[in-house]
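Participant: Predicted coordinates and the sequence they were generated for:
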Amino acid sequence: MQRSALVVGASGIGGRYTARELLANGWTVYGLARHPPRDLPGLIPVAADLLDEVGLQAAVAAMGNEAPTHVFITTWMRQESEAENIRVNALLVRNLLDALSSKKSLRHVALVTGLKHYLGPFEAYASSGTLPDTPLRESQPRLPLDNFYYAQEDEVYAAAARDRFTWTIHRPHSIIGMAVGNAMNMGTTLAVYASICKETGRPFRFPGSEAQWNGLCDVTDARMLARQLRWAADTDAARNEAFNITNGDYFRWSWLWRRLAAWFGVQAEGFGGTVQPLEAAMADDAQLWSDMARRHHLQEADLSRLASPWHTDLDLGRPIEVMTDMANSRRLGFAAWQSTEDSFFDLFAALRAQRLIP
């Protein structure tokens, strides 16, 4: 059966890899973003702002008879408060699904959220009163907290009941992959931080908590997220389910941190007794990075387009170890696996090859 995908957030870390995965497997793929990528062969760009209902309707109408059968929502917009996160990010999903409703073409919608489903919103992230049991499982109930992930899910459920499509929810941990201008990008943030440490002779200091340094952890390669999204779209048994998605291995930062440091040739410094936020450590580095970009002929001189230390601090500063259970998709046949060490090293090599780090 003919399948055409609309990847929403195609310029972001999740959307870009999802578009590549679908294209490589014979899908017709439309990529929606305010500034959709033009460098993915085969991707049909759709320029639209999800908050502009009129413009969004026009963009959907311009697709003509080639209406999407599957939608992959991989985007969000950070706001100043969780109340605003809920209002804006629920509206993004509602506007999109309302615009597509008249097409009567949708068979399946996949929504990408994350582990804040279990750990709480930014304003109460991993706080002592709401710490969940780990490993995190999809069967765990929602926290008694306002959360824009819940609001986005509810918009999908409501539209699915109205338009009779199936859905899946995908909950990655920290996504490791190539993207520029992404709001949550631990891998590139650590690569930039290590590059600055090498340039200046600073130690590559672990910024997080003792629980994160010594505890077990996992992450999500963007390629793994893309594989699960395609698998769920092709698997009848996966319909109307939520799925965690990580690499499938566990690690301790006390082990991985030293290996990351060795890749860059910098001095590793572990947990020193207190949290040392990366946001503070990099607060005055914008001009330094601009100077480095000029000296090393890098493609991006704006530090804020590459690094998101605030988000890396959230993940590495948590007071508990965080492991994610993958049994729900495993029992249905999703068997992909990815080495976390290779996730970081592949990313670092790609960043260097594209002249994004020296």
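Facilitator: Cool, got the structure.

Participant: give the contact list for His311.
Facilitator: By CB atoms under 8 Å, 6 or more residues apart in numbering, the contact set of His311 is 183-186, 189. (C-beta placed from N, C-alpha, C; glycine too.)

Participant: got a list of what the closest residue to Leu119 other than its chain neighbours touches?
Facilitator: Computed as CB to CB, 6 or more residues apart in numbering, the closest residue to Leu119 that is not its neighbour in sequence is Ala126, at 4.8 Å. By CB under 8 Å, 6+ apart, the contact list for Ala126 reads 119-120, 314, 318-320.

Participant: Go through the biggest helix by length in the chain and flag the buried ones.
Facilitator: Identified as the longest helix of the chain according to DSSP state H is helix 82-101. For helix 82-101, the neighbour count (16 or more other CB atoms under 10 Å) marks 82, 85-86, 88-100 as buried.

Participant: So which of those is the closest to His70?
Facilitator: His70 has its nearest neighbour among those in Leu100, at 10.9 Å by CB to CB.

Participant: Is it correct that the closest one is in contact with Ala61?
Facilitator: No: using CB atoms under 8 Å, Leu100 makes no contact with Ala61, being 10.7 Å away.

Participant: Quick check, pLDDT for the most centrally placed residue in the chain.
Facilitator: In the chain, the centroid-proximal residue (CA atoms, centre = their mean) is Ile175; its distance is 4.5 Å. Note for Ile175: predicted pLDDT of 96.

Participant: 867 is where my numbering starts, stick with that
Facilitator: Will do, 867 is the new start, and the previous item becomes Ile1041.

Participant: From Val895, how far out is it?
Facilitator: Applying CB to CB, to the nearest Å, the value for Ile1041 to Val895 is 19 Å.

Participant: Identify the residues contacting stretch 900-911?
Facilitator: 876-877, 882, 885-886, 889, 894-897, 899, 912-915.

Participant: so how many other residues sit close to Phe1210?
Facilitator: Around Phe1210 there are 21 other residues, counting by other CB atoms under 10 Å.

Participant: State the helix or strand in which it lies.
Facilitator: Secondary structure assigned from DSSP states H and E places Phe1210 in helix 1206-1219.

Participant: next one: that helix to chain centre, how far?
Facilitator: When distances are taken as CA atoms, centre = their mean, to the nearest Å, helix 1206-1219 is centred 16 Å away from the chain's centroid.

Participant: What segments of the chain are strands?
Facilitator: Under the criterion DSSP state E, the chain contains strands at 870-874, 894-899, 910-913, 936-939, 974-978, 1032-1038, 1041-1042, 1070-1071, 1082-1083, 1086-1087, 1107-1111, 1117-1118, 1134-1135.

Participant: Turn these into TSV, including distance to Leu922.
Facilitator: Compiled in TSV, the strands of the chain are given as follows (distance: least, CB to CB, whole Å):
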stretch	distance to Leu922
strand 870-874	10
strand 894-899	9
strand 910-913	10
strand 936-939	13
strand 974-978	16
strand 1032-1038	20
strand 1041-1042	25
strand 1070-1071	44
strand 1082-1083	38
strand 1086-1087	29
strand 1107-1111	26
strand 1117-1118	41
strand 1134-1135	47
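
Participant: quick one, which of these is nearest to Asp1150?
Facilitator: Per CB to CB, nearest to Asp1150 of those: strand 1070-1071, 15.4 Å.

Participant: So in that sheet, which strands flank that closest one, and in what orientation?
Facilitator: strand 1134-1135 (parallel) (DSSP bridges).

Participant: I'd like the average pLDDT over the strand it pairs with.
Facilitator: 98.

Participant: how close does Thr1112 get to Gln1094?
Facilitator: The value you get for Thr1112 to Gln1094, if CB to CB is used, is 10 Å.

Participant: swap that for Gly1138, sorry
Facilitator: Counting by CB to CB - Gly1138 and Gln1094 are separated by 37 Å.

Participant: Which one's more surrounded, these two?
Facilitator: Set Gly1138 next to Gln1094 and count neighbours by other CB under 10 Å: Gln1094 wins out with 28 against 12.

Participant: Show the pLDDT at the residue nearest to Leu985.
Facilitator: 75.

Participant: just the one 10 residues further on next, same as before
Facilitator: Residue-level confidence at Leu1002 comes out at 96, pLDDT.

Participant: wait, which of the contacts of His1177 is closest to Glu1076?
Facilitator: Met1052 (18.9 Å).

Participant: how many neighbours does that closest one have?
Facilitator: For Met1052, using other CB under 10 Å, the count is 24.

Participant: wait, what's in contact with it?
Facilitator: So Met1052 contacts 1040-1042, 1085, 1174, 1177-1178, 1181 (CB under 8 Å, 6+ apart).

Participant: let's see 6 Å
Facilitator: By CB atoms under 6 Å, 6 or more residues apart in numbering, the contact set of Met1052 is 1040, 1178.

Participant: same question, Trp1123
Facilitator: Per CB under 6 Å, 6+ apart, neighbours of Trp1123: 1072, 1134.

Participant: Please repeat the previous calculation with a cut-off of 10 Å.
Facilitator: Neighbour list for Trp1123: 1056, 1070-1072, 1074, 1079, 1117, 1134-1137, 1182 [criterion: CB atoms under 10 Å, 6 or more residues apart in numbering].

Participant: ok, now Ala949?
Facilitator: Listed by CB under 10 Å, 6+ apart, the contact partners of Ala949 are 987, 989, 1012, 1014.

Participant: The last one and Trp942 touch, don't they?
Facilitator: Yes: taking contact to mean CB atoms under 10 Å, the distance of 7.3 Å between Phe1014 and Trp942 places them in contact.
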